[in-house]
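Visitor: Return atomic coordinates for the entry below.
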Amino acid sequence: MANEAYYALGLDEVRFMPNAIAPHKESSGIDTETRVEMTRLAIEGQAHFRLEDIEVSGGGVSYTYETMVKLLEREPECDFYFIIGGDMVESLHTWHRIGELAELVQFVGIGRPGYIAETDYPVMMIDSPEMHLSSTMLRERVLAGKPLTFFVPEQVETFIRKERLYGPEPDAPKSQRTPS
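Guide: So this is what the prediction gives:
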C-alpha cells in the first residue's frame, strides 16, 4: 500500500507510524517496542520510507487527530496524506474528531478485498493490486508453522520467529508446537 501511494501521488516520503495504544483495535499482545522494531525492519533499505515515532513516544491511546495536530505544528510547511486500507475507509465515521481530521489531512484509501470503501468523508482512492492479507492471517500462518515468504520482508519473518511472537519455532515438531 505504501509503495503504491508513494508512486501514485509522487510523495516525498512515506512515514510508518506505529501507535502506542490503538483506539479501534484489540491488542495483538505484542508490546510497543517490538512493533516498532518490526516496522523498522520492514522498511529497512527503502530510502523513501521512514519510521515516525510521534505516537509511541507520546504513549497512551493514539488518536490520529491529535497526532496530526502535533505533526502540523512541528512541520507546518508539509501537506500530509494519511494512507489507509479500504477496511478503514468504511469505519472513518467512528474516528475521533473525524470532521476536523478530514480538514487537516488528505485521506488516501487503498482497495482491500471484501470492502467497498464507501464513506461520507473525502478519500482519494488509489488503484493497487489487491492482496487478501491481514495481521490475523499472518499470525495464523506462524501458529501453524507455515512460512511468511513474500508476505513480509525476510528480516521481519526472522525476527518474528526468533522472538516467538505468534507461536512456536518453525523447526519444532507439530506435537511440540504450542503458543508462547
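Visitor: What residues of stretch 3-12 count as buried?
Guide: Across stretch 3-12, burial judged by 16 or more other Cβ atoms under 10 Å covers 4-6, 11. Where you see a C-beta, it was placed from the backbone N, CA and C, and this is true even at glycine.
Visitor: Would you report which members of the residues you listed are assigned to strands?
Guide: Among those, the subset assigned to strands under DSSP state E is empty.
Visitor: With pLDDT and distance to residue 30 as extra columns, can I get those residues in CSV?
Guide: Shown next, in CSV, are the buried residues of stretch 3-12 (pLDDT from 0 to 100; distance: Cβ to Cβ, whole Å):
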residue, pLDDT, distance to residue 30
4, 91, 26
5, 94, 25
6, 96, 26
11, 97, 28
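Visitor: which residue ranges form the helices in this protein?
Guide: 2-9, 32-43, 54-58, 64-74, 86-89, 98-104, 135-143, 154-162 (DSSP state H).
Visitor: among those helices, which is the most enclosed?
Guide: helix 86-89 (a mean of 20; mean count of other Cβ atoms under 10 Å).
Visitor: That helix - what's its average pLDDT?
Guide: Helix 86-89 carries an average pLDDT of 87.
Visitor: hmm, who's touching that helix?
Guide: For helix 86-89, contacts defined as Cβ atoms under 8 Å, 6 or more residues apart in numbering pick out 107, 109-112, 114-119, 123, 125.
Visitor: Am I right that residue 20 is in contact with residue 32?
Guide: Yes - with contacts counted by Cβ atoms under 8 Å, residue 20 reaches residue 32, the gap being 5.7 Å.
Visitor: per the record, what domains does the protein have?
Guide: Domain assignment for the chain by automatic domain parsing gives 2-131, 133-180.
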